[in-house]
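Participant: model this:
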Amino acid sequence: MIQRILAAVVGLSVVVPVIIWGGVHGVVVVASLALIIGLDEWSRMAAPEANRSALIALVAGGLPVFVAMAYGTGEQVVLALALGALLVLLATLFGVKRTEDAANHATRLVAGLVYLPVLLGFIVWIRRFDDGVGWIFLLLAATWMGDTGAYFAGRAFGKHKLFERISPKKTWEGAIGGLVFSVAFGALVKFLALPEVPWVHALVVAALIDIAGVLGDLVESMFKRSFGVKDSGKIMPGHGGILDRIDSLLFSAPVAWAYWTLLG
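Facilitator: Next up, the predicted model:
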């Protein structure tokens, strides 16, 4: 627990100043660093037999996808994805020695081009909103405090398994506790930073962020079980890898962006 708290404090000491003063470009830089680490973790899990070539291909293909998401057009995103997929497929062709494993590894690596660079790009899109700082804080507060609430509520009251096949420790009681925390802290951010946003929309989007975050966490757990690993990495004491920390954001950011955009 102490390790988790210290890791969170160190992470926030970097993230918060960037969000407030770094603007869109600052968010892009921090997210790019997280992306590179995340792609490294993904390549190690998805294609350990071709790690070096897979990592080179994923970074060379994934960073342009993220940059296109951050600054480019829809056509440029599609082009970057296509070129990234070509690089990954070539890396699999020359980097996987067992032909029987090649198709499996290629599928996993190409999936990583969408799972990480594309979904991470929605955080940059949210930062571009009017009052983007407030929106980012609402996203982070609802996502991470939901995770915190679920952890404590699950430990205190958890009895009924949420999805035992994928994540044996998660419970419905924890999920409900996380939802309460998400809505509560989302309301706090709305009060402090987004006074013009109607209360009903702030509370609804906080709830949707939490639900999407839970699903994102389950999806990453599915990947890890499929790959046969416990954590995506060891870079964050008490949290595992960077993917273990941003897995919820990868789902909650697109959902939040879609809600806010569709409702104007």
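Participant: got a pLDDT number for Trp144?
Facilitator: If you check Trp144, the pLDDT there is 89.
Participant: next one: Glu49
Facilitator: Glu49 is assigned 76 on the pLDDT scale.
Participant: Can you give the contact residues for the longest strand along the chain?
Facilitator: The single longest strand within the chain, with elements called by DSSP state E, is strand 167-171. With contacts defined as CB atoms under 8 Å, 6 or more residues apart in numbering, strand 167-171 is touched by 150, 154, 157-163, 214, 217-218, 221. The C-beta positions use only the backbone N, C-alpha and C, and glycine is treated the same way.
Participant: Generate a PyMOL selection restricted to the buried subset of these.
Facilitator: A single PyMOL command selects the buried members of the contacts of strand 167-171 (16 or more other CB atoms under 10 Å):
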select buried, resi 150+154+158+162+163+214+217+218+221
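Participant: Among the contacts of strand 167-171, show me the least confident.
Facilitator: Ranking the contacts of strand 167-171 by pLDDT, Gly158 lands last with 87.
Participant: out of everything not next to it in sequence, what's closest to that one?
Facilitator: Spatial nearest neighbour of Gly158, chain neighbours left out: Thr171 (3.4 Å); criterion: CB to CB, 6 or more residues apart in numbering.
Participant: what sits opposite that neighbour in the beta ladder?
Facilitator: Beta-bridge partners for Thr171, by DSSP bridges, are Lys161.
Participant: And it, what's its pLDDT?
Facilitator: 94.
Participant: Likewise for Ala8?
Facilitator: At Ala8, pLDDT is 55.
Participant: Next: Leu249.
Facilitator: So, for Leu249, pLDDT stands at 94.
Participant: residues of the helix or strand harbouring it that come out buried?
Facilitator: Counting by DSSP states H and E, the element that carries Leu249 is helix 242-262. Using 16+ other CB under 10 Å as the test for burial, helix 242-262 gives 242-257, 260.
Participant: How about stretch 14-27?
Facilitator: In stretch 14-27, counting by 16+ other CB under 10 Å, buried: Val15, Val18, Ile19, Gly26, Val27.
Participant: now the helices for the stretch 1-150 of the chain?
Facilitator: 2-21, 23-46, 51-71, 74-95, 99-113, 119-127, 132-157 (DSSP state H, counting those that start in this stretch).
Participant: Check which helices and strands the fourth one sits against.
Facilitator: For helix 74-95, the packing partners by 3 or more CB pairs under 8 Å, 6 or more residues apart in numbering; DSSP states H and E come out as helix 51-71, helix 99-113.
Participant: State the mean pLDDT of it.
Facilitator: 93.
Participant: per-residue confidence for Gly132?
Facilitator: Predicted confidence (pLDDT) for Gly132: 90.
Participant: can you tell me which residues contact it?
Facilitator: Gly132 makes contact with Val24, Ile126, according to CB under 8 Å, 6+ apart.
Participant: Apply 10 Å and report the result again.
Facilitator: Going by CB atoms under 10 Å, 6 or more residues apart in numbering, Gly132 touches Ile19, Gly23, Val24, Val27, Val124, Trp125, Ile126.
Participant: List just the nearest of the residues you listed to Ala46.
Facilitator: Val124 (24.5 Å; CB to CB).
Participant: Nearest residue to the closest one in space, please, no chain neighbours.
Facilitator: Here the residue nearest Val124, using CB to CB, 6+ apart, is Ala70, at 4.4 Å.
Participant: Surely that neighbour touches Ser32?
Facilitator: Yes. If you go by CB atoms under 10 Å, Ala70 and Ser32 touch, sitting 8.7 Å apart.
Participant: could you dump the helices of the stretch 1-150 of the chain to a markdown table with distance to Gly228?
Facilitator: Below are the helices of the stretch 1-150 of the chain laid out as a markdown table (distance: least, CB to CB, whole Å):
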| stretch | distance to Gly228 |
| --- | --- |
| helix 2-21 | 24 |
| helix 23-46 | 8 |
| helix 51-71 | 15 |
| helix 74-95 | 19 |
| helix 99-113 | 12 |
| helix 119-127 | 23 |
| helix 132-157 | 24 |
